[in-house]
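# Any chance you could fold what I've pasted below:
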Amino acid sequence: MRSIAVANQKGGVGKTTTSVNLAVGLARAGKSVCLIDFDPQAHATLHVGVTPGSHHVSGYDLLTADVSLAEATVQAAENLVVVPSHIDLSAAELTLATKPGREAILRNRLAADPRCHGGPGSFDYVVIDCPPSLGLLSLNAMAAVGEVLLPLQPHFLALHGLSKLLETIELVHDHVNPRLSLLGVVLCMYESSTRLSSEVGRDVADFFATSAERHPSWATARLFETRIRRNVRLAEAPSFGQSIFEYAADSNGSQDYASLAEEVVQAGVAGLADVRAAA
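Model prediction:
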């Protein structure tokens with residue numbers, strides 16, 4: 001099973017849109033996917049057609065109460081279950097402030113679920129939508145997963161955000177989760193007609209290609225070839241409780257996220273081949 005946290009400390013960059021449509025794209029490709037909504041705004045929950053509070057267990061309960069991952073999941077579509085969010089998640093940091101091992105709660109919940117280890121009905125992917133901050137919720141996600149995907153809006157402040165996230169990934173890798181790595185960066189809200197978009201894309205690619213001393217946590221990171229083009233259909237889909245694939249199957253957004261899902265799958269195949277070659 002592969003586990004991916006979709007993270008960026010800046011809001012409005014396409015993080016939730018990427019989390020949901022990547023998860024649905026993988027599910028449509030025949031993969032069994034668990035989407036975990038760790039953003040108190042619950043936008044990913046709404047995006048897949050689940051009403052926050054309609055299920056008796058949410059991501060908040062998963063962190064603060066003695067409940068299992070199985071109790072928290074809701075069937076959202078074929079091959080896709082979701083752990084819904086709730087506004088209560090915004091109080092999780094305060095609730096868990098004095099709890100020992102609070103950064104590893106989600107990791108323990110995943111470790112206790114047989115579907116995360118090749119058991120019956122096992123997951124191929126766990127995708128976590130992180131909040132736009134680097135607090136306890138994001139830390140729990142990064143402590144539990146193997147990979148981080150960073151959606152990036154193509155503007156010049158993006159590289160600053162990238163460097164901050166890299167610092168966080170390095171710290172989590174060194175002190176909490178040594179298997180954590182940056183899978184890569186995907187450019188969202190991309191406009192090929194503007195010079196700015198192409199320049200930022202080039203800067204990110206050059207950064208990964210020319211960094212002399214890479215930390216092990218991002219040594220193999222790449223800029224994904226897929227660009228998520230600016231598309232009004234992507235903005236409209238959540239209000240209908242649908243992914244871009246259901247809402248506008250023939251749109252640029254649908255094509256782009258299908259391409260991204262394929263790239264993510266291929267990145268895992270390539271990584272497995274590298275591990276076998278090293279062995």
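# for the protein, which spans come out with low pLDDT?
Under the criterion pLDDT under 70, the flagged ranges of the chain are 212, 270-279.
# tell me the helices in it, going along the chain?
In the chain, the segments counted as helices under DSSP state H are 15-28, 43-47, 59-64, 69-72, 92-95, 105-111, 136-144, 158-175, 195-210, 232-236, 244-247, 252-278.
# now those as JSON lines including distance to residue 184 and mean neighbour count?
The way it works is simple: take the backbone N, C-alpha and C, and place the C-beta from them, glycine included. Formatted as JSON lines, these follow (distance: least, Cβ to Cβ, whole Å; neighbours: other Cβ atoms under 10 Å):
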{"stretch": "helix 15-28", "distance to residue 184": "12", "mean neighbour count": "26"}
{"stretch": "helix 43-47", "distance to residue 184": "20", "mean neighbour count": "25"}
{"stretch": "helix 59-64", "distance to residue 184": "25", "mean neighbour count": "22"}
{"stretch": "helix 69-72", "distance to residue 184": "26", "mean neighbour count": "20"}
{"stretch": "helix 92-95", "distance to residue 184": "28", "mean neighbour count": "16"}
{"stretch": "helix 105-111", "distance to residue 184": "22", "mean neighbour count": "19"}
{"stretch": "helix 136-144", "distance to residue 184": "15", "mean neighbour count": "24"}
{"stretch": "helix 158-175", "distance to residue 184": "11", "mean neighbour count": "17"}
{"stretch": "helix 195-210", "distance to residue 184": "8", "mean neighbour count": "14"}
{"stretch": "helix 232-236", "distance to residue 184": "20", "mean neighbour count": "16"}
{"stretch": "helix 244-247", "distance to residue 184": "20", "mean neighbour count": "20"}
{"stretch": "helix 252-278", "distance to residue 184": "7", "mean neighbour count": "16"}
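# Next, residue 180: phi, psi?
phi -70, psi 140 (degrees, to the nearest 10).
# list the contacts for the spatially closest residue to it that is not a sequence neighbour?
Leaving aside its chain neighbours, residue 180 sits nearest to residue 173 (4.7 Å; criterion: Cβ to Cβ, 6 or more residues apart in numbering). By Cβ atoms under 8 Å, 6 or more residues apart in numbering, residue 173 lies in contact with 180, 181, 215, 216, 217.
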